[in-house]
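>>> quick check, what structure comes out for this input:
(one chain, ligands or ions: 2)
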Amino acid sequence: MIGRLNHVAIAVKDLEKAASVYKNALGAKVGPPLKQPEHGVTVIFIELPNTKIELLEPLGENSPIAKFLEKAPDGGIHHVCYEVEDITAARDQLKSQGARVLGDGNPKIGAHGKPVLFLHPKDFCGTLVELEQV
Ligand SMILES: CC[C@H](C(=O)O)C(=O)SCCNC(=O)CCNC(=O)[C@H](O)C(C)(C)COP(=O)(O)OP(=O)(O)OC[C@H]1O[C@@H](n2cnc3c(N)ncnc32)[C@H](O)[C@@H]1OP(=O)(O)O
Ligand SMILES: [Co+2]
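Ligands and ions are numbered 1, 2, ... in the order given. Sure, this is the predicted structure:
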């Protein structure tokens with residue numbers, strides 16, 4: 001079912017500060033900030049040779065990232081995103097196996113303009129999993 005690792009997401013309080021660490025200390029190619037109000041985040045993608053890092057800063061009142069940062073004020077790995085060919089087929093198969101699909105269960109458009117879904121961390125080794133249809 002899952003394919004490539006599309007990105008590893010890191011929650012941060014200060015997006016620009018985190019991006020400058022990746023740019024200046026790690027020499028990474030850093031993209032522009034992208035506001036994603038429907039997800040409650042502003043993201044910056046960092047292109048790596050084999051995957052991407054997604055830096056996430058809370059946006060708006062009910063950002064899931066704000067709540068995450070309450071427990072992890074210095075930030076930390078928030079989720080991993082795997083690519084799937086057919087996100088609704090993957091969702092239906094996972095639901096049939098008892099996995100919890102977050103939100104209303106329907107894919108939303110993510111930062112890459114593709115349908116994404118999230119799976120409960122408690123069902124996936126304590127790790128929030130995002131699926132992105134490619
Ligand atoms: C623009 C889209 C972009 C993209 O790539 O395209 C994105 O990736 S947007 C990313 C932001 N969106 C989301 O995270 C949506 C999915 N997240 C959620 O639905 C919630 O954040 C949820 C359900 C994971 C957690 O909700 P909440 O924080 O309100 O619940 P709790 O605090 O009660 O947490 C329950 C339980 O789960 C643990 N938890 C919470 N977040 C994480 C996490 N990121 N990784 C691992 N575990 C997590 C939390 O500690 C609680 O555990 P407990 O043992 O009960 O304390
Ligand atoms: Co993501």
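>>> what comes up buried for stretch 87-102?
Residues 87, 90, 91, 94, 99, 101 are the ones in stretch 87-102 that count as buried (16 or more other CB atoms under 10 Å). For glycine as for every other residue, the C-beta is placed from the backbone atoms N, C-alpha and C.
>>> check contacts around the last one.
Residue 101 makes contacts with 91, 94, 95, 117, 118, 119, 120, as judged by CB atoms under 8 Å, 6 or more residues apart in numbering.
>>> if we use 6 Å, what do you get?
With contacts taken as CB atoms under 6 Å, 6 or more residues apart in numbering, residue 101 has the following neighbours: 91, 95, 117.
>>> now do it, the pLDDT please.
Here the pLDDT value assigned to residue 101 is 98.
>>> next: the third one.
Residue 91 is assigned 98 on the pLDDT scale.
>>> and it, that's in a helix?
Yes. Under DSSP: H, G, I helix; E, B strand; the rest coil, residue 91 sits within a helix.
>>> so who does it touch?
For residue 91, the contacting residues are 101, 117, by CB under 6 Å, 6+ apart.
>>> equivalent analysis for the fifth one, please.
Taking CB under 6 Å, 6+ apart, we find residue 99 in contact with 119, 123.
>>> for the contacts of residue 101, could you give me CSV that also reports distance to ligand 1?
Compiled in CSV, those are given as follows (distance: CB to the nearest ligand atom, whole Å):
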residue, distance to ligand 1
91, 14
95, 16
117, 9
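>>> could I get these as JSON lines with distance to residue 64?
As requested, the contacts of residue 101 are arranged in JSON lines below (distance: CB to CB, whole Å):
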{"residue": "91", "distance to residue 64": "19"}
{"residue": "95", "distance to residue 64": "21"}
{"residue": "117", "distance to residue 64": "14"}
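>>> what about ligand 2: which of those residues touch it?
Among the contacts of residue 101, no residue is within reach of ligand 2 (CB under 5 Å from the ion).
>>> coming back round to it: quick check: the farthest pair among the buried residues of stretch 87-102?
Using CB to CB, the two most remote members of the buried residues of stretch 87-102 are 87 and 99, lying 13.6 Å apart.
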